[in-house]
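Enquirer: Sequence and predicted structure below; questions after.
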Amino acid sequence: MCFFPRGLEVLAVCALGALSACAPRNARPEPPLPPRVTVEQAARLVPPDEKDREGWAEDVMAALEAHRLYPSAEAVCSVLAVIEQESGFEANPAVPGLARIVQERLEAYADKLGPLGPPAVRGLLEGKAPGQTQTFEQRLKGVKTERDLDRVFRELLEYYETEYPKTYIAAQVASSLFKSTRLEDLNPITTAGSMQVSVSYSADLAGGDEQAERRVREELYTRGGGVYYGTARLLGYEAHYSDPIYRFADYNAGFYASRNAAVQQQVSRLTGLELVPDGDLLAYDKQGEPVDEDSKSLEALLAFRERYAPDLSERRVRKDVLHEKELAFEETDTWEAIKRTYQEVTGEAPAYAQLPTVAIRSPKITGEKSTVWFAQSVNKRFQKCMARYSALPK
């Protein structure tokens with residue numbers, strides 16, 4: 001499923017008129033672009049029982065415009081489906097049991113600090129931010145929404161960094177000594193807003209510095225901000241998916257997870273080595289950076305090289321797989337060798353994508369959920385949206 005940046009849209013339209021004069025006689029004409037969705041049409045694609053359908057439609061169309069994405073029905077319905085799935089069209093969604101989640105994380109953190117942990121954490125929570133009458137502990141017990149919790153945590157950290165730096169540093173040192181979590185990591189809000197987009201991704205998109213993250217954390221709780229960053233995360237990269245369900249899976253599991261899961265399945269079948277098709281060919285740390293330890297998928301890729309592609313050096317495989325989160329991975333020697341060999345050995349055309357198998361772990365989600373569940377659930381909403389579009393007068 002392709003989405004056209006505005007520059008490509010112009011080129012495509014020009015090409016449709018010009019290629020007939022210069023293209024080979026037997027060349028296939030470029031397919032026409034799908035109709036553009038108007039703001040008025042987009043409003044009617046929002047589920048009919050939602051409030052302010054026009055407002056949501058305007059923000060979705062503005063986000064597509066800002067990211068230079070062509071406003072096809074598929075693009076509009078993809079964004080609307082994720083919004084409906086992730087927040088039910090709430091810019092600042094409430095999280096059931098949020099106060100309990102926070103309490104459990106703080107207690108776990110205190111225990112990791114050893115005997116002095118509980119009184120140290122109590123001391124942190126007894127403070128008050130400037131202009132506040134309640135302590136941090138009192139405020140945390142009353143949080144209802146993501147923004148409420150996010151603001152309390154950020155104020156707590158800023159307060160102790162500026163007013164009580166020794167206390168803050170001591171807690172950080174103790175955290176390192178006991179291999180515990182950093183104070184910043186106690187904040188359970190890692191995805192936010194109406195599309196529950198990654199905060200770290202949004203901050204990188206906004207500039208990547210500390211000031212950008214602070215600004216983004218506020219913007220994400222506005223309707224326009226949540227849709228802006230979520231749309232970029234969902235549609236702002238090129239992939240050759242034939243069905244939007246794979247892009248929905250990527251939204252949950254990471255860029256190109258569906259494409260890479262197919263690679264894992266193919267390498268597993270060729271080598272006989274069992275792999276979980278989670279979409280990660282490398283192993284990553286909590287910050288999303290590759291670690292030095294070889295993953296099982298990388299071991300299987302190296303086994304594939306030895307058995308089927310001896311002309312492909314180990315160094316080349318390791319270098320190619322560093323591009324697994326990019327479209328450029330499809331231009332590597334390793335990709336080509338896997339696809340060609342799979343076709344030759346099995347007699348089957350290698351799939352470009354499959355839904356990755358990833359368990360969803362989040363303090364904001366109850367019960368066992370997976371990326372497959374997420375993608376299928378979003379896809380059902382997407383299909384209903386497309387049905388509404390088909391019913392519109394043209």
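Expert: Received the coordinates, thanks. Numbers count the residues shown, from 1 in each chain.
Enquirer: Low-confidence bits of the protein, can you list those?
Expert: For the chain, the stretches flagged by pLDDT under 70 are 1-30, 163-186, 362-367.
Enquirer: so what are the domain limits for it?
Expert: 6-91+220-240+375-390, 98-192, 253-346 (automatic domain parsing).
Enquirer: could I get the ones you listed as a markdown table with mean neighbour count and distance to S200?
Expert: Backbone N, C-alpha and C define where each C-beta goes, glycine included. Putting these into a markdown table (neighbours: other CB atoms under 10 Å; distance: least, CB to CB, whole Å) gives the following:
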| stretch | mean neighbour count | distance to S200 |
| --- | --- | --- |
| domain 6-91+220-240+375-390 | 18 | 11 |
| domain 98-192 | 16 | 7 |
| domain 253-346 | 17 | 8 |
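Enquirer: These into TSV, with extra columns for distance to I360?
Expert: Output for those, formatted as TSV (distance: least, CB to CB, whole Å):
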stretch	distance to I360
domain 6-91+220-240+375-390	11
domain 98-192	11
domain 253-346	9
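Enquirer: Those: which one's closest to S198?
Expert: Closest to S198 of the domains of the chain, according to CB to CB: domain 98-192, at 5.6 Å.
Enquirer: Quick one: distance of the closest one to the chain centre.
Expert: Centroid separation between domain 98-192 and its chain, computed with CA atoms, centre = their mean, to the nearest Å, is 26 Å.
Enquirer: In this structure, spot the helix with the most residues.
Expert: The residue-count maximum for a helix in the chain (DSSP state H) belongs to helix 371-390.
Enquirer: What lies in contact with that one?
Expert: Outside of helix 371-390, the residues within contact range by CB atoms under 8 Å, 6 or more residues apart in numbering are 37, 41, 44-45, 47, 73-74, 76-78, 80-82, 84-85, 244-246, 248-249, 251-253, 257, 355-358, 360.
Enquirer: Swap in 7 Å and give it another go.
Expert: By CB atoms under 7 Å, 6 or more residues apart in numbering, the surrounding residues in contact with helix 371-390 are 44-45, 73, 77-78, 80-82, 84-85, 244-245, 248-249, 252-253, 355-358, 360.
Enquirer: do the same with stretch 329-338
Expert: V263, Q266, V267, L301, F304, A309, L312, R316, V317, D320, V321, H323.
Enquirer: Might one say that the third one is in contact with A303?
Expert: Spelled out, that is V267. No - applying CB atoms under 7 Å, one finds V267 not in contact with A303, separated by 8.3 Å.
Enquirer: any chance you could map the helices in the stretch 201-350 of the chain?
Expert: Using DSSP state H, counting those that start in this stretch, the helices found in the stretch 201-350 of the chain span residues 210-219, 223-235, 244-253, 257-271, 296-308, 314-320, 333-346.
Enquirer: Those helices: which one's closest to E90?
Expert: Closest among the helices of the stretch 201-350 of the chain, using CB to CB: helix 223-235, at 9.0 Å.
Enquirer: could you say what helices and strands that closest one packs with?
Expert: helix 53-66, helix 73-87, strand 197-198, helix 199-206, helix 244-253 (3 or more CB pairs under 7 Å, 6 or more residues apart in numbering; DSSP states H and E).
Enquirer: Recalculate using a threshold of 8 Å.
Expert: In terms of contacts (3 or more CB pairs under 8 Å, 6 or more residues apart in numbering; DSSP states H and E), helix 223-235 is packed against helix 53-66, helix 73-87, strand 197-198, helix 199-206, helix 210-219, helix 244-253.
Enquirer: Let's see the fourth one as PDB, backbone CA atoms only.
Expert: The C-alpha atoms that make up helix 199-206 are tabulated as PDB, following Å, rounded to 0.1, in the frame of the first residue of the first chain:
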ATOM      1  CA  VAL A 199       7.000   9.800  22.800                       C
ATOM      2  CA  SER A 200      10.700   9.100  21.900                       C
ATOM      3  CA  TYR A 201       9.800   8.900  18.200                       C
ATOM      4  CA  SER A 202       7.800  12.200  18.400                       C
ATOM      5  CA  ALA A 203      10.700  13.900  20.200                       C
ATOM      6  CA  ASP A 204      13.200  12.700  17.600                       C
ATOM      7  CA  LEU A 205      10.900  14.000  14.900                       C
ATOM      8  CA  ALA A 206      10.700  17.400  16.700                       C
END
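Enquirer: Which positions within that helix qualify as buried?
Expert: Buried residues in helix 199-206, counted by 16 or more other CB atoms under 10 Å: V199, Y201, S202, A203, L205, A206.
Enquirer: these two touch, right, S297 and L275?
Expert: Yes - under the criterion of CB atoms under 8 Å, S297 makes contact with L275 at 5.7 Å.
Enquirer: closest to R214 out of the domains of the chain?
Expert: Checking the domains of the chain against R214 by CB to CB gives domain 98-192 as the closest, at 7.3 Å.
Enquirer: quick one: terminal-to-terminal distance for that closest one?
Expert: Using CA to CA, to the nearest Å, one end of domain 98-192 lies 14 Å from the other.
Enquirer: list the contacts for the residue minimising distance to the centre of the chain?
Expert: The chain has Y251 as the residue nearest its centroid, 4.2 Å off, counting by CA atoms, centre = their mean. If you count contacts by CB under 8 Å, 6+ apart, Y251 has them with V82, R233, L234, F374, V378.
Enquirer: again, only this time at 10 Å
Expert: 78, 82, 85-86, 195-198, 230, 233-235, 257, 371, 374-375, 378 (CB atoms under 10 Å, 6 or more residues apart in numbering).
Enquirer: follow-up on the earlier one: what is in contact with V267 and A303 at once?
Expert: L273.
Enquirer: before we move on, the earlier item: and which of the buried residues of helix 199-206 is nearest to R122?
Expert: Once CB to CB is applied, the member of the buried residues of helix 199-206 that ends up nearest R122 is V199, at 27.5 Å.
Enquirer: No further queries at this time; thank you.
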